[in-house]
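J.: Structure for this input, please:
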Amino acid sequence: MDGNRGLRLGLSDFAIRLDLIAKVRGISSAENYFKDLPEKAKNQKTYGALLNSYIGNKLTEKAEGLMVKIKESGFALKALPYNNMMTLYRALGQPEKVLSLIQDMKVDNILPDSFTYKIWMNSCADLSDIDGVEKVLDELKHDGRFKYDWSIYSNLSAIYIKEGLIKKAQDALKETEHKIFMKKDRDAYKSLIIMHSKLVDKPKVYSVWKKFARVFPKRTNTDYICMLTALVKLGDIKGVEKCLKGWEYDGLSYDIRVPNVLIGAYLR
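T.: Have a look, this model is predicted:
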């Protein structure tokens, strides 16, 4: 997309090109490209692309310095750059810095999105602060913008399972089920199947799979991999074999990952 070929880069294209330069030529080249951009091209997207490059390479000081510039330039208008920084801090094992960023967002009047709430919950869980997790949930409920977001409750159930709070995990999954049955979402059903397998609840795993089959008569290879993996976790080898026959009967394109689930179970 060179200018001498008669193609003019749009403002979004600059961000894409910066991201590619960082991946192919390295951070220094990306920084030089950003530095040479016309001022009008130094916008929310190009700043975000450079920030993501720093975060992807875990260059914490550079990311923090750029975040300051993003805020000073007035481009920190949404949760995305904050979320990206939170992802970095969690990857570095610094969940307390995530909580500090949440406070910054509140001061700056930046509304959290669903990912913000999830990473906020997970950071409280990293600090073994279950009360903190539940306070985040209360804030979420009062927010009112995420009425049908099943993934938040699925994330909550995963936290409870990890902490051994089985009853609370089950309650969170009931909320997840209530929400996904109001909207058709493949990933939501598959998340439920995996979560119930972690709770060693075989009847629930089969129940959700049956509902899944009614809502999505044409299942995919990844759908079967999800169910097979759940059944292996439950130790239900006969169920795995029966499910594999169902996959063969559906006549989907061959995917070695599907029978590999059963092969791995046999080996173990």
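
J.: What sits closest to Ile119 if chain neighbours are left out?
T.: Closest residue to Ile119 apart from its sequence neighbours, by CB to CB, 6 or more residues apart in numbering: Met86 at 4.8 Å. For every residue, glycine as well, the C-beta is placed using N, CA and C.

J.: residues of the helix or strand hosting that neighbour that come out buried?
T.: Using DSSP states H and E, Met86 maps to helix 80-91. Neighbour-count burial for helix 80-91, with 16 or more other CB atoms under 10 Å as criterion, is recorded at 80-90.

J.: Equivalent analysis for stretch 201-217, please.
T.: Buried residues in stretch 201-217, defined by neighbour count with 16+ other CB under 10 Å: 201-202, 204-206, 208-209, 212.

J.: hmm, back to that, pull the distance from the helix holding Met86 to the chain's centre.
T.: How far helix 80-91 lies from its chain's middle: 12 Å, per CA atoms, centre = their mean, to the nearest Å.

J.: Following the chain past it, name the next helix or strand.
T.: Counting by DSSP H and E, the element after helix 80-91 in chain order, helix or strand, is helix 95-107.

J.: gap between that following helix and the chain center?
T.: Taking CA atoms, centre = their mean, the mean C-alpha location of helix 95-107 is offset from the chain mean by 19 Å.

J.: ok, then the element right after it?
T.: Per DSSP H and E, the first helix or strand lying C-terminal to helix 95-107 is helix 114-126.

J.: quick check: mean pLDDT across the helix or strand that that next one is followed by?
T.: For helix 114-126, the following helix or strand on the C-terminal side (DSSP H and E) is helix 130-143. Per-residue pLDDT over helix 130-143 has a mean of 93.

J.: Buried residues, helix 130-143. List them.
T.: 130, 132-134, 136-137, 140.

J.: Nearest residue to the residue nearest to the spatial centre of the chain in space, please, no chain neighbours.
T.: Centroid-nearest residue in the chain: Phe115, 7.1 Å away (criterion: CA atoms, centre = their mean). Distances taken as CB to CB, 6+ apart put Asn83 closest to Phe115, at 5.2 Å, once the chain neighbours are dropped.

J.: Do I have it right that that neighbour meets Ser114?
T.: No. Asn83 is beyond contact range of Ser114, at 10.0 Å (criterion: CB atoms under 8 Å).

J.: Tell me who's in contact with the nearest residue to Met105 once chain neighbours are set aside.
T.: Take Met105 and drop its neighbours on the chain: the residue closest to it by CB to CB, 6+ apart is Tyr82, 5.5 Å away. When contacts are counted by CB atoms under 8 Å, 6 or more residues apart in numbering, Tyr82 touches 76, 101, 104-105, 110, 116.

J.: Give me the number of neighbouring residues for the residue lying closest to Ile130 once chain neighbours are set aside.
T.: Excluding the flanking residues, the one nearest Ile130 by CB to CB, 6+ apart is Glu163, at 6.2 Å. Using other CB atoms under 10 Å, the number of residues around Glu163 comes to 14.
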